[in-house]
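Colleague: build me a model:
(chains A and B)
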Protein chains: 2
Amino acid sequence: MMKTRIGILGYGNLGKGIEYAVSETEDMELAAVFTRRDPSTVTPVTAGVPVVSVSDIRDWTDKIDVLMICGGSATDLPVQTPEYAKYFNVIDSFDTHHNIPTHFANVDASAKEGGHVAMISVGWDPGLFSLARAYAGAILPNGKDYTFWGKGVSQGHSDAVRRIEGVANAKQYTIPCEDALAAVRNGENPELTVRQKHTREVFVVLKEGADAAAIEKEIVEMPNYFDEYDTTVHFIDAEEFARNHSGMGHGGFVIRSGNTGEGHKNNHVVEFSLKLDSNPEFTSSVLIAYARAVKRLADAGETGCRTVFDIAPCMLSPLSPEEMRSHLL
Amino acid sequence: MMKTRIGILGYGNLGKGIEYAVSETEDMELAAVFTRRDPSTVTPVTAGVPVVSVSDIRDWTDKIDVLMICGGSATDLPVQTPEYAKYFNVIDSFDTHHNIPTHFANVDASAKEGGHVAMISVGWDPGLFSLARAYAGAILPNGKDYTFWGKGVSQGHSDAVRRIEGVANAKQYTIPCEDALAAVRNGENPELTVRQKHTREVFVVLKEGADAAAIEKEIVEMPNYFDEYDTTVHFIDAEEFARNHSGMGHGGFVIRSGNTGEGHKNNHVVEFSLKLDSNPEFTSSVLIAYARAVKRLADAGETGCRTVFDIAPCMLSPLSPEEMRSHLL
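Modeller: Numbering: from 1, shown residues only, chains lettered A, B, ... in the order given. Have a look, this model is predicted:
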């Protein structure tokens, strides 16, 4: 069997996760890593994998089946995915929810122009959580969706705290409220305020001589980031921070509660949840499963942009349809 | 918009659930109920719906878009689904896991011969639980699946108890073991025996003069049904039985725990669960969502048999692709 040749564009946490995810498959191989850095400074875990300057990427159009674009959603992906969809089958994890329609249109036009298949917004939210909402919503039209995130690190909130004068380092955890989760699981269909769904917990390392009380006040009252939440601030030293707060765990819950039957008297609760030790490694694993689908769509002569909604589950699996029916159905 | 015309074959709990599920949609209507009974003895909830003898079903080939076959898996569906796939687009909830490949082959041949689309084994297990196994398995190849059922009624086990001399009525609940669930959720990847995964709880109404101790012994030692499980037997009166044990609730959990990254050190837990007040009504709701996909495949000129693995999530939703990307992704 000819293996699917994977290219990685951008070798950060996500790119490295892709490399590990490829190594768990039998039908894919890592063909090259493309970087904006000096290639001599990038060392993939897999021995012998070429590291190539992104300026030479067009020399590789015949040697890459699917290009995994591992940039950030704010500035990288809106430019990179439409650009490289002209030359490669591509896949990204674009996660700025309200810009998805624009990104989709741009990538779709490029992919069609280039005769390639593209997928955007693959990961867990958007991605698997979107699927959970779509399946449960189609099945229980008379119902209500709830998405809870965490426990996990919010990069944006951590950055906001680190910008405060006197803060040496900080990490912010988003935590779903147990009471709210329990009410939703119990089929109560509660109306929940922002404050009732999640709490925030912040671990801060202070600079020498900083005013802890003032910084705590500035955090918990910060508009848009913390003022609508109940926030707990912990001051710790750099050693404890390094020991306990360098992980990249995350997760969350998508729950739909809906009613059926005579007088809508029967309630059903559909729940999908994730508990992840490494957010980037799990996201990479989702991306690699969908890269298999991208290759299959391209082999079938399709072109244009797709999302997780467009992909039948059989396209993700290395198993044959017969094996899936025998072992998984 | 032309509504999708749904036919129901077999008006029991599942058929009635289909009728309610159709009433929750805006793009479908119930066209007819087909029955093996005397049609005058069957009264659908929806006023004005024709009830037709199954012997006249072939008069309806132009008036039904999707026929929902609501028979049992033991003897009805293996005959009915291949038979009616010759004349209609059909969908069933065939749930005898080890006979799925044979059923698929029979239905596929008939559907292709008749130029129709068929779907088999739609519901929650097989069905949504199969999807949970397929998605999580494709994403975390280095992992392990666990399926727990319950708390819910096992019809087969309830029947087995009712066949015991001296038993007037009985209901058997399958209950997942909390300790096992907790170990799986904790990423411990335990090896679990049958006894460690589920317990069984039986509620029995005795006939006058029956020997409770002997019946309890016969239940807990019954080969294949109870001997491999820890079983609790409760003797109650007919009134309590009617009050507390006439529900049709069920549910369960599919959990995959898998590892990624350097030395497989990072663990991820993907969990899908259902808590259902009415097993037949929820199953019907799944069937109706997939009926939408069957109609769309048939409109696209496809033929042959499909399972949940072959259907892209977008095919289930009444929303447009643009609406799905804007609101659910």
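
Colleague: show me the contacts for A:His245.
Modeller: A:Lys171, A:Phe203 (Cβ atoms under 8 Å, 6 or more residues apart in numbering or on different chains). No exception for glycine: its C-beta is placed from N, CA and C like everyone else's.

Colleague: what ranges do the strands span in the stretch 201-329 of chain A?
Modeller: In the stretch 201-329 of chain A, the strands defined using DSSP state E, counting those that start in this stretch lie at A:231-235, A:250-260, A:266-276, A:304-306.

Colleague: pairing partners for the first one, with directions?
Modeller: As defined by DSSP bridges, the strand partners of strand A:231-235 come to strand A:198-206 (parallel).

Colleague: coming back round to it: quick check: which of the strands of the stretch 201-329 of chain A is nearest to B:Asp65?
Modeller: Nearest to B:Asp65, of all the strands of the stretch 201-329 of chain A, is strand A:250-260, at 21.9 Å by Cβ to Cβ.

Colleague: near chain B, which residues of the stretch 101-250 of chain A?
Modeller: Selection of the stretch 101-250 of chain A residues close to chain B by Cβ under 8 Å from any Cβ of the partner chain yields A:101, A:104, A:121, A:126, A:128, A:130-135, A:137-142, A:185, A:187.

Colleague: give the contact list for A:Ile215.
Modeller: Applying Cβ under 8 Å, 6+ apart, we find A:Ile215 in contact with A:Ile164, A:Gly166, A:Val167, A:Val204, A:Leu206, A:Val233.

Colleague: state the pLDDT value of the third one.
Modeller: If I follow you right, that is A:Val167. A:Val167 is assigned a predicted lDDT (pLDDT) of 96.

Colleague: doesn't A:Val205 make contact with it?
Modeller: Yes - between A:Val167 and A:Val205 a contact is recorded at 7.4 Å, counting by Cβ atoms under 8 Å.

Colleague: how about the strands of the stretch 201-329 of chain A in JSON lines, adding distance to A:Ser284 and mean pLDDT?
Modeller: Shown next, in JSON lines, are these (distance: least, Cβ to Cβ, whole Å; pLDDT from 0 to 100):
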{"stretch": "strand A:231-235", "distance to A:Ser284": "31", "mean pLDDT": "97"}
{"stretch": "strand A:250-260", "distance to A:Ser284": "13", "mean pLDDT": "97"}
{"stretch": "strand A:266-276", "distance to A:Ser284": "11", "mean pLDDT": "97"}
{"stretch": "strand A:304-306", "distance to A:Ser284": "19", "mean pLDDT": "98"}
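
Colleague: now mean neighbour count too, for these, in CSV please.
Modeller: Compiled in CSV, those are given as follows (neighbours: other Cβ atoms under 10 Å in any protein chain shown):
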stretch, mean neighbour count
strand A:231-235, 16
strand A:250-260, 23
strand A:266-276, 23
strand A:304-306, 24
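
Colleague: B:Thr81 is nearest to which of the ones you listed?
Modeller: Closest to B:Thr81 of the strands of the stretch 201-329 of chain A, according to Cβ to Cβ: strand A:250-260, at 24.1 Å.

Colleague: going by proximity to chain B, name the top residue of the stretch 51-200 of chain A.
Modeller: Distance from chain B to each residue of the stretch 51-200 of chain A (Cβ to the nearest Cβ) is smallest for A:Ala138, at 3.9 Å.

Colleague: give the contact list for that residue.
Modeller: Contacts of A:Ala138 by Cβ under 8 Å, 6+ apart are B:Ala289, B:Arg292, B:Pro313, B:Leu316, B:Ser317, B:Pro318.

Colleague: please apply the same query to A:Val233.
Modeller: Taking Cβ under 8 Å, 6+ apart, one finds A:Val202, A:Val204, A:Ile215, A:Glu216, A:Ile219, A:Val220 in contact with A:Val233.

Colleague: just send the strands of the stretch 201-329 of chain A back as CSV, with distance to A:Gly17 too.
Modeller: Formatted as CSV, these follow (distance: least, Cβ to Cβ, whole Å):
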stretch, distance to A:Gly17
strand A:231-235, 29
strand A:250-260, 13
strand A:266-276, 11
strand A:304-306, 22
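
Colleague: just list the residues touching the nearest residue in space to A:Arg185 that is not next to it in sequence, thanks.
Modeller: Sequence neighbours aside, A:Val269 is the residue nearest to A:Arg185 in space, at 5.8 Å (criterion: Cβ to Cβ, 6 or more residues apart in numbering or on different chains). Each residue near A:Val269 by Cβ under 8 Å, 6+ apart is listed here: A:Val184, A:Arg185, A:Asn186, A:Gly187, A:Ile255, A:Arg256, A:Ser257, B:Ser273, B:Leu274, B:Lys275, B:Leu276.

Colleague: at 7 Å what do you get?
Modeller: A:Arg185, A:Gly187, A:Ile255, A:Ser257, B:Lys275 (Cβ atoms under 7 Å, 6 or more residues apart in numbering or on different chains).

Colleague: now do A:Tyr229
Modeller: Residues near A:Tyr229 by Cβ under 7 Å, 6+ apart: A:Val194, A:Arg195, A:His198, A:Thr199, A:Arg200.

Colleague: tell me the buried residues in the strand or helix carrying A:Lys171?
Modeller: Assigned by DSSP states H and E, A:Lys171 belongs to strand A:167-176. Buried residues in strand A:167-176, counted by 16 or more other Cβ atoms under 10 Å in any protein chain shown: A:Val167, A:Asn169, A:Ala170, A:Lys171, A:Gln172, A:Tyr173, A:Thr174, A:Ile175, A:Pro176.

Colleague: what number of residues lie near the nearest residue to A:Phe241 once chain neighbours are set aside?
Modeller: Spatial nearest neighbour of A:Phe241, excluding adjacent residues (Cβ to Cβ, 6+ apart): A:Val205 at 5.0 Å. By the criterion of other Cβ atoms under 10 Å in any protein chain shown, A:Val205 has 20 neighbours.

Colleague: ok, now how distant is A:Val205 from A:Asp159?
Modeller: According to Cβ to Cβ, to the nearest Å, A:Val205 and A:Asp159 sit 15 Å apart.

Colleague: PyMOL command to pick out the buried ones of the residues of the stretch 101-250 of chain A next to chain B?
Modeller: Of these, the buried ones can be selected in PyMOL as follows, counting by 16+ other Cβ under 10 Å:
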select buried, chain A and resi 104+121+126+128+130+131+132+133+134+135+137+138+139+140+141+185+187
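
Colleague: show me the contacts for the residue most central in space within chain A.
Modeller: Central residue of chain A (Cα atoms, centre = their mean): A:Gly123, 3.9 Å from the mean position. Contacts for A:Gly123 (Cβ under 7 Å, 6+ apart) come out as A:Ser93, A:Asp95, A:Thr283, A:Val286, A:Leu287.
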